[in-house]
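Trainee: Quick one, structure for this:
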Amino acid sequence: MRTSAHSFSAVCETLFIPLYARAREQHQVPTLLKDPLAQELVQKIDYDFAKFEQAPASMTGVVLRAAYFDAIVRQFVKNHTNAVVVHLGYGLDTRCQRLGAEVADTPFYQIDVPEVITFRKQLLAPLANETYIASCMFETTWMEKLHKKHPRATFAFVMEGVLMYFSPEQNQQLFAHLAQRFAGAELHFDVISRWLSTGSNWHDAVRLTPAQFQFGIDDDRAIEKWHTALRYQGSCDVMSFEGWERAGWLYWLGQQYFPVLRSAARVVAYFVQP
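Mentor: Residues are numbered from 1 along each chain as shown. Model prediction:
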């Protein structure tokens, strides 16, 4: 019997987009991201995943994004002897399983709202180094607990496919709270342009869910204004990643000749100045 997913709220339903993209990728040659567990999860869930076959750009983009953040987390753990990784809005991601032994000694905290964590627990028990936290990511209680539990740790916060569904004010508050508590932390996240943030109804994957974009930004350095400790480290367009041509010739042309499309989705890195 498959697990029902029909009671999810609008934003929570978007977690099925990256899950199906990773599962679908396992049939591609060459495979840009190995994640057989994603295939297993899709088979266990009662949901209309087939509709996302209409979204070739998103299916490619979220796989490339996942591979990018895998590499970021892998390098962070390698570079820090007392690393702690926190995923905000983790959904049904399987990064710990993908990275395996490389991160097995690093504490991972996977944060999502209670309905998602409850659903995740039905499908996937946490690994030995994983802790699930059922909480809105904008709450500060979990921040205080992690700061107290790991006073000498260096934190990496990963926000993948999350920020665009919340208001600028909510995101600014989140970053300010993190900056106030986690000196020396790295913040890794993706954003969309202001232009794309107005187009939920014609985005190839999001339009197939009830969710709506609320936040877009064109100047990635502008986030430095959200708190005095925030320092911009760099960003790049998702469309610049090798493998994007799989989305089809129309998107390839857009990448080559239309800057507004090329910069529509970006990955960004920030540092919290001690």
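Trainee: what's next to the helix or strand residue 147 falls within, contact-wise?
Mentor: For residue 147, the element it lies in under DSSP states H and E is helix 141-149. With contact meaning Cβ atoms under 8 Å, 6 or more residues apart in numbering, helix 141-149 is reached by 84, 86, 109, 111, 133, 135, 155, 177, 178, 181, 182. No exception for glycine: its C-beta is placed from N, CA and C like everyone else's.
Trainee: what's the burial count for the residue nearest to residue 165 when sequence neighbours are not counted?
Mentor: Among residues not flanking residue 165 along the chain, residue 11 sits closest, at 4.7 Å (Cβ to Cβ, 6 or more residues apart in numbering). For residue 11, the neighbour count with other Cβ atoms under 10 Å is 19.
Trainee: give me every residue that touches the residue nearest the centre of the chain.
Mentor: With distances taken as Cα atoms, centre = their mean, residue 160 lies nearest the centre of the chain, 1.4 Å away. Taking Cβ under 8 Å, 6+ apart, we find residue 160 in contact with 18, 65, 66, 69, 87, 89, 93, 189, 190.
Trainee: Filter those residues down to just the ones in strands.
Mentor: 87, 189, 190 (DSSP state E).
Trainee: so where's the stretch 151-274 of the chain shaky on pLDDT?
Mentor: 248-261 (pLDDT under 70).
Trainee: Walking through it, point out its strands one by one.
Mentor: 154-159, 186-192, 230-237, 265-272 (DSSP state E, counting those that start in this stretch).
Trainee: Make JSON lines from the ones you listed and add distance to residue 198 and mean neighbour count to it.
Mentor: Formatted as JSON lines, these follow (distance: least, Cβ to Cβ, whole Å; neighbours: other Cβ atoms under 10 Å):
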{"stretch": "strand 154-159", "distance to residue 198": "21", "mean neighbour count": "23"}
{"stretch": "strand 186-192", "distance to residue 198": "10", "mean neighbour count": "23"}
{"stretch": "strand 230-237", "distance to residue 198": "19", "mean neighbour count": "15"}
{"stretch": "strand 265-272", "distance to residue 198": "14", "mean neighbour count": "21"}
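Trainee: Distance to residue 116 added to the ones you listed, as CSV?
Mentor: Converted to CSV, the strands of the stretch 151-274 of the chain look like this (distance: least, Cβ to Cβ, whole Å):
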stretch, distance to residue 116
strand 154-159, 15
strand 186-192, 18
strand 230-237, 27
strand 265-272, 23
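Trainee: Going along the chain, name the helices of the stretch 101-250 of the chain.
Mentor: 114-123, 141-149, 168-181, 194-197, 249-257 (DSSP state H, counting those that start in this stretch).
Trainee: now the angle between strand 186-192 and the third one, please.
Mentor: Meaning helix 168-181. 170 degrees (axes from the mean of the first three to the mean of the last three Cα atoms, to 10 degrees).
Trainee: Perfect, that will be all.
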